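S.K.: Structure of the sequence below:
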Amino acid sequence: LHICIQYGFDPEMPEMTAYIDDLTVNGETYDFEPTNEVWVDDDWTTTSPWAEAGQWHGGEAVDGHVFGRDAFATIQDAIDAVAEGGTVHVAAGVYEEQLIINKSLTLEGAGYDTTTIKSPASLTKTAWTHNGRSFYTLIEVNGATAHVITVDINGFIIDGNYNFDVGEPGEKKAFTGIVYRNADGSIRNNEIKNFRDEPLSAFQYGEGIWVVPSSNVIITNNNIHDYQKTGIRVDGDGAIATVTGNVVTGYGANDLIAQNGILFYGGATGTVSDNIVTNHIYTPEEYDACGVLIFGTGSEIKVYDNTVDSNDIGIAIYWTAGVKVSGNNIINNKIGIEIYSDVAADVESIKVNYNNIVGNALLGVNNLGVGTLNAILNWWSDSSGPHHPTLNPDGLGDKVSDNVDFDPWLTAPITVVSSKAGTD
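M.R.: Okay, here's the model as predicted:
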């Protein structure tokens, strides 16, 4: 408890400040340490005339809580008040505020169909940059040092409100729903939307979720759509993410921007599993939009059990070694899987096995790099295997490029991934 006492009403009079942890009155002790659970409702307020005068902040009972102690009308006030490791419960409503979280806590909404965190008209950029980029983010999770805090965000609509006009012209920037920096935790059961220009433009920023070093985040069961550039971006050496069970949906065919659904970049590591990633299509020929893009990352990334459907490239792996791709439905893309590295050892360390590679218009697998890609034991839409003009000219399945080892192939589609054998 912080008490500020001023003698008289003369602003020139001296002021006394006291901090009280516990107070005993008539033998009963009151604990003024931060509470482990706080509640937020945008309908709550205080009617105290002292509060209206800015001289007192709370004390009234609201729905069984005490306003200013464990009950608040804004999420940020609750975040500031809750104890380290505590829980902030947010009632249904629309909360138009930018949030900064710099301690361990759980931020829990009433459900992503009822509790909305909406971008205000103006966003303040982060005090830090990543690779020279300023972040204008609706929710900033930022620890003081690597992995020092754990924050779980669960059960919200996180709405960018198409508030794309942030920052200064020409500034290298990001307009982002949630960013984690020096923080671990989870992002669960949210709808994350409208972090793009309206109408869509060619500007190369606007992300749903961005994870930067040094963080380790579980991103699961979210519905992410209407972003400008990327749905989920995990970026930098020391950025780790488990991306599982999400639905990530691009804008669709356009001639303005080549979007990416899920991007691991620049030394990042983690897994991509059980996601549905669709609708990333850039109509000009010079670039391709990607469902899943693994670009210059750490080794041993695993991509498994996803449905990657209707993208320019379903899964693209560039300048990266050791990626394992298995159990995926890679369907109806222009190119199912594309690989590139000018280091043969990189290409030869990648494993593409036990996938359904079906209905991809140009190629099921395209190896642009040096070295031979291991793509044996996949289903190519036909028991005759993939089509290659010299190695399997009678194959009726998806086409395959040179420098791909595809034999033997599966003669039935994968239905139980753990079986690793057709329909068994």
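S.K.: Am I right that Asp80 falls within a helix?
M.R.: Yes. Counting by DSSP: H, G, I helix; E, B strand; the rest coil, Asp80 is part of a helix.
S.K.: what's the neighbour count on it?
M.R.: Residues within reach of Asp80, counting by other CB atoms under 10 Å, total 15. C-betas here are computed from N, CA, C, even on glycine.
S.K.: ok, now Ala345?
M.R.: When counting by other CB under 10 Å, one arrives at 11 neighbours for Ala345.
S.K.: contacting residues around it?
M.R.: Counting by CB atoms under 8 Å, 6 or more residues apart in numbering, Ala345 makes contact with 321, 371.
S.K.: how far out from the middle of the chain is the helix or strand harbouring it?
M.R.: Assessed by DSSP states H and E, Ala345 sits inside helix 344-349. How far helix 344-349 lies from its chain's middle: 29 Å, per CA atoms, centre = their mean, to the nearest Å.
S.K.: contacts for whichever helix or strand comes after that helix?
M.R.: Next helix or strand after helix 344-349 toward the C-terminus (DSSP H and E): strand 351-353. Contact partners of strand 351-353, identified using CB under 8 Å, 6+ apart, comprise 323-326, 337, 365, 373-378, 420.
S.K.: any idea which of these is closest to Val303?
M.R.: Proximity of those to Val303 (CB to CB) peaks at Val325, which lies at 4.8 Å.
S.K.: for the record, mean pLDDT for the helix or strand containing that closest one?
M.R.: In the assignment (DSSP H and E), Val325 maps to strand 324-326. What strand 324-326 shows for mean pLDDT is 98.
S.K.: what lines up beside that strand in the sheet?
M.R.: Counting by DSSP bridges, the strands paired with strand 324-326 are strand 302-304 (parallel), strand 351-353 (parallel).
S.K.: Give me the sheet partners of the helix or strand following it and which way each runs.
M.R.: Later in the chain than strand 324-326, the nearest helix or strand by DSSP H and E is strand 329-331. Applying DSSP bridges to the sheet, strand 329-331 is found paired with strand 307-311 (parallel), strand 356-358 (parallel).
S.K.: Throw those into a markdown table and include mean pLDDT and mean neighbour count, thanks.
M.R.: Listed next are these as a markdown table, based on pLDDT from 0 to 100; neighbours: other CB atoms under 10 Å:
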| stretch | mean pLDDT | mean neighbour count |
| --- | --- | --- |
| strand 307-311 | 98 | 24 |
| strand 356-358 | 98 | 24 |
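S.K.: among those, which is nearest Ile157?
M.R.: From the strands paired with strand 329-331, taking CB to CB, the stretch that ends up closest is strand 307-311, at 24.0 Å.
S.K.: Measure how the helix or strand just after the closest one sits relative to strand 307-311, angle-wise.
M.R.: Using DSSP H and E, the helix or strand that directly follows strand 307-311 along the chain is strand 313-318. Here the directions of strand 313-318 and strand 307-311 differ by 100 degrees (axes from the mean of the first three to the mean of the last three CA atoms, to 10 degrees).
S.K.: which secondary structure elements does strand 313-318 contact?
M.R.: Using 3 or more CB pairs under 8 Å, 6 or more residues apart in numbering; DSSP states H and E as the contact test, the elements touching strand 313-318 are strand 290-295, strand 329-331, strand 335-340.
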